[in-house]
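J.: Below are the sequence and a predicted model for it; my questions follow.
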Amino acid sequence: MQWTVNGKTIEVTQGNIAAQEDMAAVVNAANAQLVTGGGVAGALHTAAGPELAEAGQKYAPIKPGEAVLTLAFNLPNDAVIHCLGPVYGKDKPEDRLLASCYERALYLAEQEELGSVAFPAISTGVFGYPFDDALDMAVSAVLNKLGGLKHVNTVRFVLFSEQEAEKYREYMDHRIN
């Protein structure tokens, strides 16, 4: 499903973040060392190849809320934007740090003149951020930044399960319509 906001497209889909062939950039829910891990980081690193971890070495470690950009290597994208989301209950203030991930990722995409960005649900896996709270923070952060973007025209939220994607769709329908 998709919505148009400020002349930009927001999409929600269920799928594999490492298989977003029509997106200029994909966002990695990274760990501080920017190395392979589980979940999103594992999927992206496996598909991109070992060069992705090597490219991240010069930036590591990153702090919660920070984002850095590397090439995408064997992924079908131009770039990977690595964001370290907050660990819920540990990294404070969680909401501000999570919003910062989305804001900084969009900033980097805009700086590199990338037309489209695909986001996973940052921090909702092993980092323990409650899904509904993270959804609200993610969509709000993206909506707040959309109007100021010249180059980024499409933002896609890629969710692991159909149930998660449906929650995003319902939320977007409520916020946009």
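T.: Now that the structure is in, tell me what you want to look at.

J.: Could you list the buried residues of stretch 162-172?
T.: E164, A165, K167, Y168, R169, Y171, M172 (16 or more other C-beta atoms under 10 Å). Glycine gets a C-beta too; all of them are placed from N, C-alpha and C.

J.: Pick the one among those residues closest to R104.
T.: Y168 (20.7 Å; C-beta to C-beta).

J.: and the longest helix for this protein?
T.: For the chain, the longest helix by residue count, based on DSSP state H, is helix 94-111.

J.: That one packs against which elements?
T.: strand 25-29, strand 67-71, strand 79-83, strand 116-119, helix 131-146 (3 or more C-beta pairs under 8 Å, 6 or more residues apart in numbering; DSSP states H and E).

J.: Show residues contacting the fourth one.
T.: For strand 116-119, the external contacting residues (C-beta atoms under 8 Å, 6 or more residues apart in numbering) are 17, 20, 22-27, 81, 102, 105-106, 109, 138, 142, 152-158.

J.: can we see that at 6 Å?
T.: 20, 23-27, 109, 152, 154-158 (C-beta atoms under 6 Å, 6 or more residues apart in numbering).
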